[in-house]
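>>> with the sequence up front, the predicted model follows.
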Amino acid sequence: MRKYRAKGIISKGQQQAIALAITLLASAILTGSCGKTITTEEAGLKIGALIPLTGDLSSLGQPMPKVISLAVDTVNQCGGVNSQPVTVVVEDSQTNPGVGAAAMTNLVKIEQVAGVVGGFASSVSTAALPVAVRHQVMLISPASTSPSFTQQAQQGEFAGYWARTVPPDTYQAGALAKLAIEKGFKLVSIVAIDNDYGLGLEKQFIEAFEQLGGTVVNKYQPSRYDPQATTFDNQVLLYSFGNTPEALVAVLYPQTGALWLKAAHEQDLLEQVSLILTDGVYSPNFPEQVGKTDGGKFLLAGAIGTVPQVNGKGLANFTKVWQEQTGQEVRVFAPHAYDAAVLLMLAAEAAGVNTGAGIKSKIREVSGGTGKKVTDVCEAMELLRRGKKINYQGASGNVDLDEYGDVASNYDTWAVEADGRLKVTGQISPD
């Protein structure tokens, strides 16, 4: 696994910055003399990030270290957390549950983080969560959408050490079903990646679509593909029971999903169906990954899909600073990752301790409590230092976490244009 370490930049012109520098120097001396990593209480808040820098979701994960560092740098520049600087350690999950669990173990046992932003793949979060809960480390995912987390949280399995800034796919399933019906589709097939994300959304979509009067023609024999597959030479099952679908709902990850769609095209299985996609492939380079016809037309031209709507009150400021610092457009789930990091730091400040248990005790209060609504992170930190309560309004949305760690959201609809660009075409509610 790959590990990356970053520290935020601390202002030198303020008295607080001097104290922070002294703390860092003392920490370095202690670390050098003792020959071991000192605890988060002694060294200040340390958070981890469990991100797919390689593997199937790498196109979504690669911008995230910069996103999380932006949040940490912002907090450090206005005084840190509990009068000390925040540090962040990034681990590459490789979009692999086994690697993710090992990386999480390193974060909690070796790095001694108090909270983690991640994972992205629901299967990675599933593997990492037992490690986080066992060591009382708060895990906040910006992208794991499987409905199974809600069900497990309802059963008390996470003891409060789980939350996510992205809505569960019970919402996306409803939005997808409504989109299909609005486009006039009554008969659809479905294909899904065979992991927590794919299977969860497959099940929820079938239920939602049938409630609206639609029929999933391969309901009893859905097409699923292995997340570790590297080729799809075998016939891909799209049709069942003699019914030809009008549309194909494809629940994919980018790398393997592109291969699957290429194989389906080569087998002439996409010629007569419209394609409906999900947030897992909402990436500007995905149409290029899938490729073009011999005539130069993008295979995905005309495809439609859904993605969680980002309408937070802090979005404009986040977008401005992000573009100034990177020159890049804001990618899907970037605001959610930013908010996840911010919530970890705000909760630690509110608790007055740099521990996972402390973060857990205040996470709902700072995310959606009765305090002052605030979008500016430094203003939020200052209010907490003065003993005031806040209700953080994030870049991704209001991030009001419920008792199971979930947030609610509407969805944007999008389409692939003839030139391969992704264009948001409207909004849709899941209800």
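Everything's here; your move.

>>> any idea which residue sits dead centre in the protein?
In the chain, the residue lying closest to the centroid (CA atoms, centre = their mean) is residue 143, at 1.8 Å.

>>> helix, strand or coil: sort out that residue for me.
coil (DSSP: H, G, I helix; E, B strand; the rest coil).

>>> surely it and residue 60 touch.
Yes: under the criterion of CB atoms under 8 Å, residue 143 is in contact with residue 60, at a separation of 6.9 Å. Every residue, glycine included, has its C-beta placed from N, CA and C.

>>> and stretch 202-211, C-alpha only, in CSV?
Taking Å, rounded to 0.1, in the frame of the first residue of the first chain, the C-alpha atoms of stretch 202-211 are listed here in CSV:
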residue,chain,number,x,y,z
GLU,A,202,-29.5,-3.2,-7.8
LYS,A,203,-31.9,-4.4,-5.1
GLN,A,204,-33.1,-0.9,-4.2
PHE,A,205,-33.6,0.1,-7.9
ILE,A,206,-35.6,-3.0,-8.7
GLU,A,207,-38.0,-2.3,-5.8
ALA,A,208,-38.3,1.4,-6.6
PHE,A,209,-38.9,0.8,-10.3
GLU,A,210,-41.5,-1.8,-9.7
GLN,A,211,-43.3,0.5,-7.3
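
>>> for that stretch, give the mean pLDDT please.
The average pLDDT within stretch 202-211 is 98.

>>> show me where the stretch 51-200 of the chain has its strands.
87-92, 115-117, 138-141, 162-164, 187-193 (DSSP state E, counting those that start in this stretch).

>>> ok, back up a step: common neighbours of residue 143 and residue 60, please.
Common neighbours of residue 143 and residue 60 (criterion: CB atoms under 8 Å, 6 or more residues apart in numbering): 120, 333.

>>> pLDDT wise, what is the residue nearest to the centre of the chain at?
If you check residue 143, the pLDDT there is 98.

>>> and the helices in the stretch 301-431 of the chain?
For the stretch 301-431 of the chain, helices defined by DSSP state H, counting those that start in this stretch occupy the ranges 315-326, 334-351, 356-368, 377-385.

>>> same for the second one, what does it pack against?
In this case it means helix 334-351. Judged by 3 or more CB pairs under 8 Å, 6 or more residues apart in numbering; DSSP states H and E, the packing partners of helix 334-351 are strand 46-51, helix 64-77, strand 115-117, strand 138-141, helix 315-326, helix 356-368, helix 377-385, strand 390-392.

>>> any idea which of these is most buried?
strand 115-117 (a mean of 33; mean count of other CB atoms under 10 Å).

>>> who does it pair up with?
strand 46-51 (parallel), strand 138-141 (parallel) (DSSP bridges).

>>> distance to residue 116 for these - can I get that in CSV?
Shown next, in CSV, are these (distance: least, CB to CB, whole Å):
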stretch, distance to residue 116
strand 46-51, 4
strand 138-141, 5
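
>>> save the helices and strands packed on helix 334-351 as TSV, and put in distance to residue 428 too.
Converted to TSV, the helices and strands packed on helix 334-351 look like this (distance: least, CB to CB, whole Å):
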stretch	distance to residue 428
strand 46-51	29
helix 64-77	26
strand 115-117	28
strand 138-141	23
helix 315-326	19
helix 356-368	24
helix 377-385	30
strand 390-392	26
